[in-house]
Structures are given as C-alpha cells and as structure tokens.
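Novice: Coordinates for the following, if possible.
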Amino acid sequence: MADSDPTIVLVHGAFADASSFRPLYDALLDEDVTMIVPPNPLRGLTGGDGEYLKGVINEVDGPVLLVGHSYGGSVITAAGTADNVVGLVYISGFAPDEGENLTDLQSKFPPPKIASYIVQHQLPEGGNEFTLALDGFHESFCADVPADDAAFYAISQRPLAGVALTEAAPTPAWRSRPAWAVLPTADGAIDPGVHRFSYERMGAQITEIEGASHVVMISHPKEVAEVVMTAAHAHAAQPA
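Specialist: Sure thing, here's the model as predicted:
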C-alpha cells in the first residue's frame, strides 16, 4: 500500500453488524489496501455513533476513506468532517443534510418494505430500539441473498436505538468531501427515491445496480468494490 492510499473504514448499518462487509472485504483483498471494520454502536447519530467513529478515525495515521452502509451512511456524514477524511462512499446509505433527521427524510418518499416488519422494544433505561421481525427479514432486507444466509443475518441482527431516527444531523461531511454512492434499485429497507434524492443533492458519483437489494455489498461485492477503489484511487491521484 502506497503512503498516499487511504485506509478504508467500513461502517455497517442497522439490523446488521461488521460481518455484513465480509464479501466486500474478500473482493478488496487483492487491491493492496488497508481496511478497518469497526463496530457501529447503533445508539444515536451524534453523541454516540458519530463520536465513536471519530475516535476510530483519529487513531488512523494518514488519510481515511469512509464507507457507510444504510444507517452507517448517516454516521459517516456526521463523523466525516475529521481532518484526515478524504472521501465518502455511500452503499445504500442515508446522507442527511444539516438539521435533517432520518424519519423526516424517509417520510418524503413511499414507505419501504421493512416498514411492515419493524418491531419496537422498550429499553430498561428509557427510550426504545427497533429490530426486524424474523419472518419478513429476507423479503425486506436482503431479498437477493440465499435463504440460509438470510436466516443467519436475521437472528444475528443488531437493534437500532430509536433516537438515531429522530436526531438532527450536524453539518454534513459531504459538503466538504468528495462522495461516491452505490444505489440498489430494489432496496426494501430505504426507498430508492431517498437515495437518488440524497446522492444527487450532494453531487455524488452514482453507480446504480439494477435489481439489487439493500445489502448490495453482499450480493454484488465486486461492483461495490470497484466503486470503493475508484474513490481510493481518486485521492491517491491527488498531488501531495
């Protein structure tokens, strides 16, 4: 890996964990890049998840390329203003603007398939969190992966704190960083219209993958890897 190449930090989203990036990791293994796949606490955009990711970024010596899937997109939006972040890649990821929350952003578009399968849980300390019902997980979240894989992803899903959906986003990193985006046209977790609106608003370089589900990095890892490497090479090509 050249000194000018960024470390790639992969940030997972809600109802998933870091293992959701394994196919993308495998697709990037021959690219001579450094990758980090930290846990995303899924406890809240600014004070929780955004600050946690900033801590991860601060420990990297050199440039960082942030890659966020799903809710992880909103986290890289919040944390990506760190000085050493050189680019953002959204994989079917939220990209809110300043003062916007995810519930309001999604409400401007048709409800996604997961809306029928969201289960609310009360937290002992107050507030709530959400998971997806097991019987609708495959259909709504990862329709284009094998059923046995989907069954495991369903039982290993990580819950999302409700505050993450209503917390207003801070100044977005995409205002000051170049952005790339992968848009799966059959996303059942976030309406594709949300993606198209958000990615066009930020001026991202958009790659659409026809018929792909929300977990496009699992079902189409090679195509997603090409986008990630395009972003990495864009920074490496910049003069020192």
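Novice: Give me the most central residue, this protein.
Specialist: Residue closest to the mean C-alpha point of the chain, counted by CA atoms, centre = their mean, is H69 at 1.7 Å.
Novice: For that residue, give me its contacts.
Specialist: H69 sits next to 10-13, 16, 20-21, 91-93, 215, 217 when contact means CB atoms under 8 Å, 6 or more residues apart in numbering. Every residue, glycine included, has its C-beta placed from N, CA and C.
Novice: So which of those residues belong to helices?
Specialist: Residues of the contacts of H69 located in helices (DSSP state H): M217.
Novice: Put the buried members of the contacts of H69 into a ChimeraX selection.
Specialist: Here is the ChimeraX command that selects the buried residues among the contacts of H69 (16 or more other CB atoms under 10 Å):
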select :10,11,12,13,16,20,21,91,92,93,215,217
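Novice: what's the most distant pair in the contacts of H69?
Specialist: V11 and V215 (14.3 Å; CB to CB).
Novice: So, low pLDDT: which residues of the protein?
Specialist: Counting by pLDDT under 70, the chain shows low-confidence ranges at 1-3, 236-240.
Novice: Kindly format the C-alpha coordinates of the longest helix seen in it as CSV.
Specialist: Of all the segments of type helix in the chain, defined by DSSP H, the longest one is helix 221-236. Taking Å, rounded to 0.1, in the frame of the first residue of the first chain, the C-alpha atoms of helix 221-236 are listed here in CSV:
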residue,chain,number,x,y,z
PRO,A,221,-19.4,-7.3,-3.9
LYS,A,222,-17.3,-6.9,-7.0
GLU,A,223,-19.3,-4.0,-8.3
VAL,A,224,-19.2,-2.3,-4.9
ALA,A,225,-15.5,-2.9,-4.6
GLU,A,226,-15.0,-1.1,-7.9
VAL,A,227,-16.7,2.0,-6.6
VAL,A,228,-14.6,1.9,-3.4
MET,A,229,-11.4,1.6,-5.3
THR,A,230,-12.4,4.4,-7.7
ALA,A,231,-12.8,6.6,-4.6
ALA,A,232,-9.5,5.4,-3.2
HIS,A,233,-7.6,6.0,-6.4
ALA,A,234,-9.1,9.4,-6.8
HIS,A,235,-7.4,10.5,-3.6
ALA,A,236,-4.1,8.7,-4.4
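Novice: Name the residues that touch it?
Specialist: Residues external to helix 221-236 that are found in contact with it (CB under 8 Å, 6+ apart): 2, 4-6, 8, 23-24, 26-28, 31, 33, 63, 65, 67, 86-89, 91, 178, 180-182, 205, 207, 209, 216-217.
Novice: Tell me the buried residues within those.
Specialist: Buried among the contacts of helix 221-236 by 16+ other CB under 10 Å: 5-6, 8, 23-24, 27-28, 33, 63, 65, 67, 86-89, 91, 178, 180-182, 207, 209, 216-217.
Novice: Tell me the buried residues in the longest helix of the chain?
Specialist: 221, 224-225, 227-229, 231-232, 234-236.
Novice: now those as CSV including distance to N58?
Specialist: CSV is the format used below for these (distance: CB to CB, whole Å):
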residue, distance to N58
P221, 29
V224, 26
A225, 26
V227, 26
V228, 22
M229, 25
A231, 21
A232, 20
A234, 23
H235, 18
A236, 22
